[in-house]
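K.L.:
what's the 3D shape of this:
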Amino acid sequence: MKQLGLIFLSVALSATAYGQTNKNEYEDGKWVLKGITGLNLSQTAVSNWASGGENSFAGNAYLNGTLAHKSGKWLWINTLGLDYGLTKTKSQGVQKTSDKIAFATQLGYQASEKWYYTAMADLNTQFYKGYNYPDKSHYISKFFAPAYSNISLGMDYRLNNKYSIYLSPAAGKLTFVEDDYLSGEGAFGVDPGDRFKAEIGAYLKAKAEQKIMENVNLITSLDLFTPYDNQFGNVDVNWDILINMKINKFLSATLNTTLKYDNDVKTFNDEGKKQGAKVQFKEVLGIGVAYNF
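P.N.:
Now for the predicted structure:
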């Protein structure tokens, strides 16, 4: 994962350089709220279909928002990302397809035109239980099992209110597993029976918003963390991309992808047996209603 982390860092730096002509800054003394929320639905119905298939229904609701306030040299930014999706088929019943709660807050004090001394904290977890489908007898995750929090001090380079790179040499990654069953299994890197794990390391967060073309906008966020222990250089990755394509006043298409890698998170094979950590990838493409604010 060392090479993968370097690739993602290069992508983030390139995106920031690309946005240097954007002069849209935060206004002093004003609160700025912006984001997108929406609902995507899909449905399939078949009857005597010779090539096979079954009835299905799927949907997901999402929100991606930012609330910021600038006062003199102080800049306070809060972000919230929510996503929850379900699908239902006759053979498999209801299954969860997406589930995310992500909140981050950062407070910066301006050191120069583009640099801020910054303290940052975030929290990432999910709404409900997750399973290694089709096995629904044992859950493999739930609310606050796991939950991840990064608390850090560093410098934030803000080209404008759409492009930023935050660098921290002093970051703490906290892992919570608030469930007896999962804690006893030693899930998500905690020792069996423990509910908490702390790591100290280096952290990078890059964010970008870009209008790709008319009615097509991109929001992306990249988090990289490496601990100061014998795993130093083994980079944990979380990379989210949201592309919103406006069709008309009421309808839009969205493409939402998440790429993750965490050496402490083990995966499962088709027989449900635990195996080593792997790159995780999720993609959701949908058409529905969306509201930009």
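
K.L.:
mind listing the helices for this structure?
P.N.:
Secondary structure of the chain, counting by DSSP state H: helices at 2-18, 180-184.

K.L.:
Mind giving me the packing neighbours of the last one?
P.N.:
Contacting helix 180-184 under the criterion 3 or more Cβ pairs under 8 Å, 6 or more residues apart in numbering; DSSP states H and E are the following elements: strand 139-141. In short, each C-beta sits where N, CA and C put it, glycine included.

K.L.:
who's in contact with the strand it packs on?
P.N.:
For strand 139-141, contacts defined as Cβ atoms under 8 Å, 6 or more residues apart in numbering pick out 126, 129-132, 181-182, 187, 268.

K.L.:
For these, give me CSV that also has pLDDT, neighbour count and distance to Ile287.
P.N.:
Putting the contacts of strand 139-141 into CSV (pLDDT from 0 to 100; neighbours: other Cβ atoms under 10 Å; distance: Cβ to Cβ, whole Å) gives the following:
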residue, pLDDT, neighbour count, distance to Ile287
Gln126, 96, 21, 25
Lys129, 95, 16, 28
Gly130, 94, 15, 25
Tyr131, 92, 14, 27
Asn132, 86, 18, 29
Tyr181, 94, 13, 38
Leu182, 94, 20, 36
Ala187, 89, 21, 36
Phe268, 65, 12, 32
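
K.L.:
Show me which of those residues is closest to Trp239.
P.N.:
Trp239 lies nearest to Gln126 out of the contacts of strand 139-141, by Cβ to Cβ, at 17.7 Å.

K.L.:
The nearest residue to that closest one once chain neighbours are set aside: neighbouring residues, count only.
P.N.:
Closest residue to Gln126 apart from its sequence neighbours, by Cβ to Cβ, 6 or more residues apart in numbering: Asp99 at 4.2 Å. Neighbour count for Asp99, taken as other Cβ atoms under 10 Å: 20.

K.L.:
Is Asp99 in contact with Asn124, as I believe?
P.N.:
No. Taking contacts as Cβ atoms under 8 Å, Asp99 lies outside contact range of Asn124: 11.2 Å.

K.L.:
what residues do those two have in common as contacts?
P.N.:
In terms of Cβ under 8 Å, 6+ apart, Asp99 and Asn124 are not both contacted by any residue.

K.L.:
Just give me the neighbour total for Thr44.
P.N.:
Considering only other Cβ under 10 Å, Thr44 is surrounded by 12 other residues.

K.L.:
Provide a list of residues in contact with the closest residue to it other than its chain neighbours.
P.N.:
Spatially, and ignoring its direct neighbours in sequence, Thr44 is nearest to Ser56 (4.6 Å; Cβ to Cβ, 6+ apart). Applying Cβ under 8 Å, 6+ apart, we find Ser56 in contact with 42-44, 87-90.

K.L.:
how close does Ser56 get to Leu285?
P.N.:
To Leu285, Ser56 is 15 Å away according to Cβ to Cβ, to the nearest Å.

K.L.:
what's the answer for Gly29, then?
P.N.:
Taken as Cβ to Cβ, the span from Gly29 to Leu285 is 40 Å.

K.L.:
Look at the two and report which has more neighbours.
P.N.:
Legend: neighbour count by other Cβ under 10 Å for Gly29 and Leu285, higher for Leu285 (12 against 9).

K.L.:
So which residue is dead centre in this protein?
P.N.:
Central residue of the chain (Cα atoms, centre = their mean): Asp240, 4.9 Å from the mean position.

K.L.:
beta partners for Glu209?
P.N.:
Ile219 (DSSP bridges).
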